[in-house]
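> Quick one: sequence and predicted model below, then my questions.
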Amino acid sequence: MPIIIDVATRYFHSEALGDWSKKVLLAQLTSENEEFADQAGSFIWTLRRENLDGSDYSDLIVAYCKSKGSSKNVDYGIDYFTDKFEGLLPDSIIDFCQNAMNYGLSKEQGGIDHNRTLYDLPELVFRYYRENKTRSSQRQRALKLIDEMCKHGIGIHHKDFREIER
């Protein structure tokens, strides 16, 4: 791991190195280099572990959700967004959920990561759907992903499937 990304990942929430670290992480999260984006994406674990308020890092969270590297840190992201993230989910969460689903489906023979990713994913998608009752374009994006999850049998027994308005 390039040392600069490691330092930025560890100190993005510090007063002394926070601004610098955020700039480094944003640059790497939006990088075409998937390895660097993956390494920068590990900051999501620090958000969860340190129980940090996501609203203070909204720019990083949006970049993470859209990042090519988010699929490598998908379990940390799902943990964070389902257990710790307060407030409205960012619109980019649908990008993250799509990456998470693709990641989960690509894992051969299942395994614990695969099963957990696909088990927890519907909760995020339905939460986003519920939060966007008055925003039809965002709701349509959620419905499109819900339809895709149904095709793969993901979350088909989730309690919210019965409440979807078509």
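Structure's in. What do you need?
> Report the residue ranges of every domain in the protein.
Per the record, the chain has its domains at 1-69, 88-166, by automatic domain parsing.
> Packed most tightly, which of those would that be?
domain 1-69 (a mean of 18; mean count of other C-beta atoms under 10 Å). (Each C-beta comes from the backbone N, C-alpha and C, glycine too.)
> before we move on, the earlier item: of the domains of the chain, which shows the lowest average pLDDT?
Note on the domains of the chain: domain 88-166 shows the lowest mean pLDDT, a mean of 83.
> who does the longest helix along the chain touch, helix- and strand-wise?
Scanning the chain for the longest helix, with DSSP state H as the assignment, gives helix 112-131. For helix 112-131, the packing partners by 3 or more C-beta pairs under 8 Å, 6 or more residues apart in numbering; DSSP states H and E come out as helix 74-79, helix 93-106, helix 136-151.
> then that helix to CSV, C-alphas only?
Provided in CSV are the C-alpha atoms of helix 112-131 (Å, rounded to 0.1, in the frame of the first residue of the first chain):
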residue,chain,number,x,y,z
ILE,A,112,-19.4,-15.9,4.2
ASP,A,113,-18.6,-12.6,2.4
HIS,A,114,-20.9,-13.5,-0.4
ASN,A,115,-23.8,-14.5,1.7
ARG,A,116,-23.5,-11.6,4.1
THR,A,117,-23.2,-9.0,1.4
LEU,A,118,-26.3,-10.3,-0.4
TYR,A,119,-28.2,-10.8,2.8
ASP,A,120,-27.7,-7.2,4.1
LEU,A,121,-27.9,-5.4,0.8
PRO,A,122,-31.8,-5.2,0.5
GLU,A,123,-31.9,-3.3,3.8
LEU,A,124,-29.9,-0.5,2.3
VAL,A,125,-31.8,-0.4,-1.0
PHE,A,126,-35.2,-0.4,0.8
ARG,A,127,-34.1,2.2,3.2
TYR,A,128,-33.1,4.5,0.3
TYR,A,129,-36.4,3.7,-1.4
ARG,A,130,-38.4,4.7,1.8
GLU,A,131,-36.3,7.9,2.3
